[in-house]
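>>> Sequence and predicted model, in that order:
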Amino acid sequence: MRREYLVCYDYGQGGVWGLVRAETPEEIRTKYPELLVAPSRQPWMTDEWMSAIEEKSAYDLDEKPRGLLAAILAQRIRE
């Protein structure tokens, strides 16, 4: 069953958070090894923070990459 997983792209001086819909965390790690899959919501994340992530940074692993996922793919090309 597909569900949303909280992910973080750690760029060294901070991180970009998002939600990725997938079957398993392993499916996300296989396609985007740059992402860390959080085991649960972080204690410092307020309801407002989570609402903003859900509204602006929610992705489906099977859809065309956009936002954070597109940026990760573009970074791979530059490297």
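All right, it came through fine.

>>> Stretch 58-70: which residues count as buried?
Tyr59, Leu61, Pro65, Leu68, Leu69 (16 or more other CB atoms under 10 Å). Placement of C-beta: from N, CA and C, glycine included.

>>> OK, contacts around the closest residue to Arg66 other than its chain neighbours?
Nearest non-adjacent residue to Arg66, counting by CB to CB, 6 or more residues apart in numbering: Tyr59, 7.0 Å away. Counting by CB atoms under 8 Å, 6 or more residues apart in numbering, Tyr59 touches Gly18, Leu19, Val20, Arg21, Pro65, Arg66, Gly67, Leu68, Leu69.

>>> go again using 10 Å as the cut-off
For Tyr59, the contacting residues are 4, 7, 18-22, 28, 32, 65-70, by CB atoms under 10 Å, 6 or more residues apart in numbering.

>>> Residues touching the lowest-mean-pLDDT helix or strand in the chain, excluding its own?
Between all helices and strands in the chain, the lowest mean by mean pLDDT, DSSP states H and E belongs to helix 67-78, at a mean of 94. Under the contact criterion CB under 10 Å, 6+ apart, helix 67-78 has outside partners 7-9, 11, 16-18, 20, 28, 31-35, 56-61, 63-65.

>>> Now do the helices in this structure.
Residue ranges of the helices in the chain, as given by DSSP state H, are 25-31, 47-56, 67-78.

>>> Out of those, flag the one nearest Pro39.
When the helices of the chain are compared by CB to CB, helix 25-31 sits nearest Pro39, at 8.7 Å.

>>> Tabulate the CA atom coordinates of the closest one in PDB.
Only the C-alpha atoms of helix 25-31 are listed here, as PDB (Å, rounded to 0.1, in the frame of the first residue of the first chain):
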ATOM      1  CA  PRO A  25      11.200   3.700   2.000                       C
ATOM      2  CA  GLU A  26      13.500   1.400   0.100                       C
ATOM      3  CA  GLU A  27      11.700   2.400  -3.100                       C
ATOM      4  CA  ILE A  28      12.500   6.000  -2.400                       C
ATOM      5  CA  ARG A  29      16.100   5.200  -1.500                       C
ATOM      6  CA  THR A  30      16.600   3.300  -4.700                       C
ATOM      7  CA  LYS A  31      15.300   6.100  -6.900                       C
END
